[in-house]
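Q: quick one, what's the 3D model for this:
(chains A and B)
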Amino acid sequence: MAEAVDYRYVGTSPVRPDGVDKVTGRAQFGADQNLPNMLHGSVLRSPHAHARIKSVDVSKALAMDGVHAAVSGADFPSVQSGEVGGEGGGDVADIAKNVMARDKALYHGHAVAAVAATSVEIAERALDAIEVEYEPLPPVLDVVEAMAPDATLLDDNCFTKNLPEKPDKPSNIASVMVLARGDLDAGFEQADVVVEGEYRIPMAHQGYIEPHACTATVNEEGKATVWCCTQGHFEFRAMTSKILNWKIGDLKFIASEIGGGFGGKTVVYLEPVAVLLSKHAGRPVKMVMSREEVFRATGPTSGSVCRVKIGAQNDGKITAAKAWLAYEAGAFAGAPVMPGAMSIFAPYEIENFLVEGHDVLVNKPKVAAYRAPGAPQAMHAFEVALDDIARQIGMDPLDLRMVNAADEGTQAPYGPKFPAIGFKACIEAAKKHPNYTKPVPEGAGRGVAAGFWFNIGMQSSAEVRINEDGTVIVMEGNPDIGGSRASMGLMAAETLGVPYEQVKTYIGDTESTGFCNVTGGSRTTFATGLAVVQACEDIIAQCKSRAAATWGMDDDQVEWQDGQAVPAPGVNADVSPLSLADIAASAPKTGGPILGRASLNAQGAGASFSVNFGDLKVDPETGAVEVLSFTGIQDAGKAIHPAFVEGQMQGGAAQGLGWALNEEYIYDADGVMENAGFLDYRVPVASDLPMIDTQIVEVPNPSHPYGVRGVGETPIVAPLAVASNAVRDATGVRINDLPLSPPRILAALSND
Amino acid sequence: MAKVVFPDHLLAHTGGEREIEVAVANYRDLLTILEKRWPGVREPLNKAAVAIDGQIYQDAFLEPIGADSEVFFMSRIEGG
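A: Numbering: from 1, shown residues only, chains lettered A, B, ... in the order given. Next up is the predicted model:
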C-alpha cells in the first residue's frame, strides 16, 4: 500500500466555484437558452406500447397557423448499425430509432413525430392534428416471459448474440454472456451450507431533477449550434452527426449547467429532432421535456430477475457461486447485464463460479446508464444471499466478507488480477466504526453489504493558460455534475504550486476545447484530472525553460518548487526565484503567451470498493421503513475534494435506499406506466433519511499522480442489500424482491 | 510466452479456444497475430477491453506484452 502524502490543496474542500450562480439562479440550465425568433418543439408520442406504424401524416399540423415545421421518422436518414464511440448508450441505429420511431412503436411514449411552432400551446395543438395509423401488437412486459421461445417478438431481426452459432430463429434475448471458472459441482459438494433464491427488481429512474432540454439553431450555411443539458456534449455531437448524417464539423454543442444525470444524460433524445426542426423552419427551436415525458420516454435502469446460489463452509469460505441474470433492455438491445455479471462476485475470491447473463428486449423505454450500471441489481442478489449464509453459519457478516475478500493479486471474476485495492481496508474500517460497534437500536435491524465498481478512464483533453498576472485558466470539456471544476482547480493549484484561488476552471464547448468523453463512469476526476495535471506539467516545463533562458542556464539546471523556478541543487547562481507571475509578466520577451495542453486516453482507472451498513426499523402496522442510521465506507484512492467525495457517497446512498424502499416503474397490462411523476414515483426526500455518515478510505491508485479512484458510482451499489438485510434482521422475514414498499412488507409479514 | 485468455462471448471468433500462449512484443502485434490465426477476430477484439498484467485498457495500442504477461480480453465498461 502506498504511503499517504500530504498536499497543500489536494485534499481540501473549498466552496464550489459554481455555487453562487446556482443558488442565486444565475446559472444557465438546459431550458434557460432563449434566442430571437425561437420556436418551441413538441413530440407526438405513441399511445401504444407495441404497434406497427402504418402511416404518419403531418400535413394538417404543418398547415396550422404558427406551425413552422413538422417531422416524422420518414424525414430522418437511414442509419447504419455501429458504435458511437465512448459511452453511446448502444448501437447508433437503435438510438436513431429511439429518437424517432420508424416502422414500429416499441414502448408507450416512443416518439413518432414532432412539430415546431411559435408557442408551446400551438405546438401541442398541432400534435393533435398529426394522423398516425397504428396496428397495435401485444406488449411484452415481463422479462422472463419475453425470453420464452413463443413470446411475441419486438424485432424480427434480433438473433441472440454470443451463442456458438447464430440461432435459426429470432428472439427477444438480444445477447447472452457467460463467465465461469473452476468446477461448480465440486465446489458445491465442498459446501456445508447452500443458499439460493430469486430476486426481482423493477425498473428505476435516475431521479435527476432537471428534465432533458435543448435549443438548436441552424444557420444559412447549414451549420448548427445546440445548447443542451448533457453529460457529454462531444458524444451528443457525435450521435447527432450520425443520426442526421451531418458532418461533425457542422455541429457545435454547448453544454449547459446540468441538474443531475447519473447516467441518464449520456444519450440523445431531443437534440437531433431540434436540429432537424430548426433546419426545416429556418428558425431556432427549443425543446423541453415534461417530467411525464422523462419518465415515459427516456432511459431508466433495467428491471431484473437474478437467481443466485451460494455454497459455503462453516468457516465462511465460499466454495461455489452460481448466478443467472436477466435484465430488461427496454425497446432496444443494451441492458447493462455484462457489467452486472462481471461485478456480482468481484469483491470476493471465489474458485468455482458461473454467471449467465441475458440482455432482453421488452416494450419499455430503452434503458440508459444509471450509476454503476448493472451492478446494483446483481450485487443485491448476491449480498442478500451472502447475508443468509452468515445467518446459517452464525458468523458476523463483516467477518464473512473478510474471509472471502479480494485483495491485491486476486484474480477478478472477469479476468485480470487486481492491483492494489481497498476492499479489506473498508471492511476493517467498518468493523471499527462506532456506528457498527454500538448496539442495534431496539426494534430495528442492521444490514451489511459490499459494493464495487470498475471505473473507467477514456479520452480527455485540457488546456491551461497563464494570464499576464500569473493567474491560471483551466479549460476542459466535461460538464460539471459533481464538483469537477473545483477538483480540477485543486489539482492544477497543487501541480503548479499556486494558490487555489488563482485558478479558474471552465467547461469549453465542442469548438473551444479538445475532445472529452462523457462525465460518467466515475472518470472525470481521474481522467480529465490526469489531463489537467499533464497540462500543468507542460506549463512547468515551459516556465523552467523560460527561467533558464532568463538566467543563461540550461533547462536541466532549473527546478520548479512551490510555484517558482529556482536553480537546481548544486547550481551556483546568484539569482532570485521566478514565480509564475514573474514569468508571465516577462512572457512577451521569452516566447509569448504561456499555454499548456494535454490530451490522453487514460488507462488504469482503479476499481473502487465499499462497505455499507445501516440500522432500519419497520412499522409492523403500516409496513413503512424508517432508516435510523446509514454508514458508507469507500475507497476513494485519494479524495481530491473530500466534501464532494462525501457528497457522492451520501447521494449514492440516498438513491440506493430510495430504489430499495420505494422506487419502481409500475406498468398496467397495456404497458402504460402508471406512476410517471414524482408524486407517485417516490424518491426519498430530505425528511425521509438521516444524515448519511461517511468514512473515506484512501488506498491510492498507482495510475494517477494523486492516487485518484473514481468515486461516483460505487456508492449506489451496496444500499439495496443493506436495506434488504436490515429489514430481514428487523422482522425475521426475508423479502427477496424490491422495493421494500409498505404493501410488500405488510404482505410478507402477514404471510409469515 | 504470454498467456492470452478470451471470455466466453468471444469464443465464437476463436474456434472455441479460450486460452493460448503467444510470444509477442506489444498489443498491436498481438492483434496482428490473432487476426492471422482467426481471420475476422480483430473487429470484435477492437470492441473489447483488454487487461495486460492487471491493468485494464479500453483502447490498447502499443502497450508492451512481456514473456510472462497475462492478457485478458473482456467487455468494455461504461458507466453512469
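Q: in chain B, which residue is most central in space?
A: For chain B, residue B:73 is the residue whose C-alpha lies nearest the centre (CA atoms, centre = their mean; 4.7 Å).
Q: that's a strand at that one, yeah?
A: Yes - counting by DSSP: H, G, I helix; E, B strand; the rest coil, one finds residue B:73 located in a strand.
Q: wait, what's in contact with the closest residue to it other than its chain neighbours?
A: Of all residues not flanking residue B:73 in the chain, residue B:48 sits nearest, at 4.8 Å (CB to CB, 6 or more residues apart in numbering or on different chains). (Each C-beta comes from the backbone N, C-alpha and C, glycine too.) For residue B:48, the contact set (CB atoms under 8 Å, 6 or more residues apart in numbering or on different chains) comprises B:7, B:10, B:73-76.
Q: rerun that using 7 Å as the cut-off
A: Residue B:48 makes contacts with B:10, B:73-76, as judged by CB atoms under 7 Å, 6 or more residues apart in numbering or on different chains.
Q: ok, it to chain A distance?
A: 11 Å (CB to the nearest CB, to the nearest Å).
Q: about what we covered before: can you say which of the contacts of residue B:48 are buried?
A: Applying 16 or more other CB atoms under 10 Å in any protein chain shown to the contacts of residue B:48, the neighbour count classes B:10, B:73-76 as buried.
Q: contact partners for the residue nearest to the centre of chain B?
A: Remark: with contacts taken as CB under 7 Å, 6+ apart, residue B:73 is in contact with B:6-7, B:10, B:45, B:48, B:50.
Q: give me the beta-bridge partners of it?
A: Following DSSP bridges, residue B:73 is listed with bridge partners residue B:50.
Q: can you count the residues close to the residue in the stretch 651-752 of chain A that chain B sits nearest to?
A: Here the stretch 651-752 of chain A gets closest to chain B at one residue, residue A:713, 5.7 Å apart by CB to the nearest CB. Applying other CB atoms under 10 Å in any protein chain shown, we find 31 other residues in the vicinity of residue A:713.
Q: skipping adjacent residues, who's closest to it in space?
A: residue A:372 (3.8 Å).
Q: surely that neighbour meets residue A:712?
A: No - Residue A:372 is beyond contact range of residue A:712, at 8.7 Å (criterion: CB atoms under 7 Å).
Q: what about these two, which has more around it?
A: residue A:372 (35 against 31).
Q: what residues are up against that one?
A: Listed by CB under 7 Å, 6+ apart, the contact partners of residue A:372 are A:453, A:713-714, A:716-717, B:80.
Q: what's the closest of those residues to residue A:742?
A: Within the contacts of residue A:372, the smallest distance to residue A:742 is 22.6 Å, found for residue A:716 (CB to CB).
Q: OK, contacts around the closest one?
A: For residue A:716, the set of contacting residues under the criterion of CB under 7 Å, 6+ apart consists of A:371-372, A:376, A:652, A:655-656.
Q: model confidence score at it, please.
A: The score at residue A:716 is 98. That number is its pLDDT.
Q: lowest average confidence, helix or strand, in chain B?
A: Every helix and strand in chain B was compared by mean pLDDT, DSSP states H and E; the lowest is strand B:55-57, with a mean of 88.
Q: convert the C-alpha atoms of stretch A:582-589 to PDB, please.
A: Listed in PDB are the C-alpha atoms of stretch A:582-589, where the atom choice follows Å, rounded to 0.1, in the frame of the first residue of the first chain:
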ATOM      1  CA  ASP A 582       7.200  36.800 -12.700                       C
ATOM      2  CA  ILE A 583       7.500  34.500 -15.700                       C
ATOM      3  CA  ALA A 584       4.000  35.500 -17.000                       C
ATOM      4  CA  ALA A 585       5.000  39.200 -16.700                       C
ATOM      5  CA  SER A 586       8.100  38.700 -18.900                       C
ATOM      6  CA  ALA A 587       6.400  36.300 -21.300                       C
ATOM      7  CA  PRO A 588       6.400  38.700 -24.200                       C
ATOM      8  CA  LYS A 589      10.200  38.600 -24.100                       C
END
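Q: need the contact partners of the helix ranked longest in chain B.
A: Assignment by DSSP state H gives helix B:27-37 as the longest helix of chain B. Judged by CB under 7 Å, 6+ apart, the contacts made with helix B:27-37 from elsewhere in the structure are B:4, B:22, B:24, B:41-42, B:45, B:50, B:52, B:60-63, B:65, B:71.
Q: nearest residue to the residue in the stretch 201-350 of chain A that chain B sits nearest to in space, please, no chain neighbours.
A: When distances are taken as CB to the nearest CB, the stretch 201-350 of chain A approaches chain B most closely through residue A:263, which lies 2.5 Å from it. The shortest distance from residue A:263 to any residue that is not its chain neighbour, by CB to CB, 6+ apart, is 2.5 Å, and that residue is residue B:80.
Q: surely the one you found meets residue A:370?
A: Yes - under the criterion of CB under 7 Å, residue B:80 lies in contact with residue A:370, with a separation of 5.0 Å.
Q: retrieve the pLDDT associated with residue A:611.
A: Reading off the confidence values, residue A:611 has pLDDT 98.
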